[in-house]
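A.B. asks: Fold the following for me, if possible:
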Amino acid sequence: MKDNFRNQILNSLKSQDKRAQLWFLFILISLLIIWWQATSWYRAQLLTEQQNQVRDEVSLHGYSLSAAINRRFALLRGLNAFVLTEYNQDNFGELFFTYASHIYANTSGVLNIAIAPKGLIEFVYPIEGNESLIGYDLLNSLQAELKQDIQLAIESEQIILGFPLDYAQGGWGLAARQAIYLENDGFWGLIIVVIDIPTLLNDAGLESG
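C.D. replies: So this is what the prediction gives:
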């Protein structure tokens, strides 16, 4: 009888031990699930924060770059107004050099400024380093990309950007070109401002290297 009672107690203890093991296993699995969910949520939060940060940085740099480009566009608009005001002056060349020298001295990253009556570059500033540009016929350029940009500038009467593969000496440049039309005489010529791209990127807060 004592043996039966002892066996019952032992069986009861074994049963409780199994139950405790099952509870421990259940709690362990539950904790693992909670840990996995928490880790997944945390990773998702980090990813979202990183995505938001990258998006904000891209938006900021995009805005800065757009602003830097627009400031250079203003140079071309000013040059347009200058030509329309002074084109028929006998001392137009002297007036251009005075005007262009002011732009060049007060704007970082300007490689050259040029005016091409009837598409033929006649005036350029600075002259040093750009002598080969004088007399260059933009309308009959042998470079297909340049010729396409010039045609687009003439047809659209808008500012057209293109890489100046033909005449940006010693630098990685971006050319902004615009056609000038006189009220009664139609197409007069082209104006060009070539900007140093590394300087443009630096002004926008971007590394050019």
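A.B. asks: Any buried residues in the helix or strand hosting S101, and which?
C.D. replies: In this structure, S101 is located in helix 92-106 according to DSSP states H and E. Judged by neighbour count (16 or more other CB atoms under 10 Å), helix 92-106 contains these buried residues: 92, 95-97, 99-100, 103-104. C-beta here means a position set from N, CA and C on the backbone, and glycine is covered the same way.
A.B. asks: Could I get the average pLDDT for that helix?
C.D. replies: What helix 92-106 shows for mean pLDDT is 93.
A.B. asks: if we can go back for a sec, so which pair among the buried residues of helix 92-106 is furthest apart in space?
C.D. replies: In terms of CB to CB, the buried residues of helix 92-106 reach their longest pairwise distance at F92 and Y104, which sit 17.8 Å apart.
A.B. asks: Does T85 fall in a helix, a strand, or a coil region?
C.D. replies: helix (DSSP: H, G, I helix; E, B strand; the rest coil).
A.B. asks: Can you report how many residues lie near it?
C.D. replies: A count of nearby residues for T85, using other CB atoms under 10 Å, gives 10.
A.B. asks: Need the contact partners of stretch 68-81.
C.D. replies: 99, 103, 107, 110, 113, 115, 159, 176, 178, 180, 191, 193, 195, 200, 203-204 (CB atoms under 8 Å, 6 or more residues apart in numbering).
A.B. asks: how about stretch 81-98 as PDB, C-alpha atoms only?
C.D. replies: Once non-C-alpha atoms are left out, stretch 81-98 reads as follows in PDB (Å, rounded to 0.1, in the frame of the first residue of the first chain):
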ATOM      1  CA  ALA A  81      18.500  92.200 -71.800                       C
ATOM      2  CA  PHE A  82      21.900  93.700 -72.300                       C
ATOM      3  CA  VAL A  83      22.100  92.600 -76.000                       C
ATOM      4  CA  LEU A  84      18.600  93.800 -76.700                       C
ATOM      5  CA  THR A  85      19.500  97.200 -75.200                       C
ATOM      6  CA  GLU A  86      22.900  97.700 -76.700                       C
ATOM      7  CA  TYR A  87      23.200  95.600 -79.800                       C
ATOM      8  CA  ASN A  88      23.100  98.600 -82.200                       C
ATOM      9  CA  GLN A  89      25.700 100.600 -80.400                       C
ATOM     10  CA  ASP A  90      29.000 101.300 -82.300                       C
ATOM     11  CA  ASN A  91      31.000 100.400 -79.200                       C
ATOM     12  CA  PHE A  92      29.000  97.200 -78.500                       C
ATOM     13  CA  GLY A  93      32.200  95.200 -78.100                       C
ATOM     14  CA  GLU A  94      33.500  97.500 -75.400                       C
ATOM     15  CA  LEU A  95      30.200  97.600 -73.600                       C
ATOM     16  CA  PHE A  96      30.100  93.800 -73.700                       C
ATOM     17  CA  PHE A  97      33.600  93.400 -72.200                       C
ATOM     18  CA  THR A  98      32.700  95.800 -69.400                       C
END
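A.B. asks: now the strands for this protein?
C.D. replies: 110-117, 123-125, 160-162, 173-182, 186-196 (DSSP state E).
A.B. asks: Within its sheet, name the partner strands of the third one and how each one runs.
C.D. replies: Put plainly, it is strand 160-162. Paired strands of strand 160-162, with direction, are strand 173-182 (antiparallel) (DSSP bridges).
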